[in-house]
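Visitor: Next one to model:
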Amino acid sequence: MAAVNEPIRLLEIEKELAGPGRQEALVRYDAVLKGLDERLTAALEAGLPPDEFPRANMLKEANETARKILRLTVRVDGPR
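Guide: Residues are numbered from 1 along each chain as shown. Model prediction:
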């Protein structure tokens, strides 16, 4: 069921980031991604099994990219 609702949620997020409350939405979504980054950093520093390390490291890189895209989205869709 989650897969069916996911595109709708992404559209809602996109609308929030382009709407008048874009800065508040940016702060809210970035906080979620920052929290994930902190947990990933802690896990990587604590040490992971060899088969999990590359996946966690790739997820950390993807999360960093998501944060950049989030900020760019708000900047590009900013006040007109």
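Visitor: which SSE is the residue nearest to Leu48 when sequence neighbours are not counted in?
Guide: Leaving aside its sequence neighbours, Leu48 sits nearest to Ala56 (C-beta to C-beta, 6 or more residues apart in numbering; 5.7 Å). Every residue, glycine included, has its C-beta placed from N, CA and C. Applying DSSP states H and E as the criterion places Ala56 in helix 53-76.
Visitor: Show me what that helix is in contact with.
Guide: 14, 17-18, 22-23, 25-26, 29-30, 33-34, 36-37, 40-41, 43-44, 48 (C-beta atoms under 8 Å, 6 or more residues apart in numbering).
Visitor: which among those residues end up buried?
Guide: Among these, those classed as buried by 16 or more other C-beta atoms under 10 Å are Leu17, Ala18, Arg22, Ala25, Leu26, Tyr29, Asp30, Leu33, Leu36, Asp37, Leu40, Ala43.
Visitor: Next step: these restricted to helices.
Guide: Leu17, Ala18, Arg22, Ala25, Leu26, Tyr29, Asp30, Leu33, Leu36, Asp37, Leu40, Ala43 (DSSP state H).
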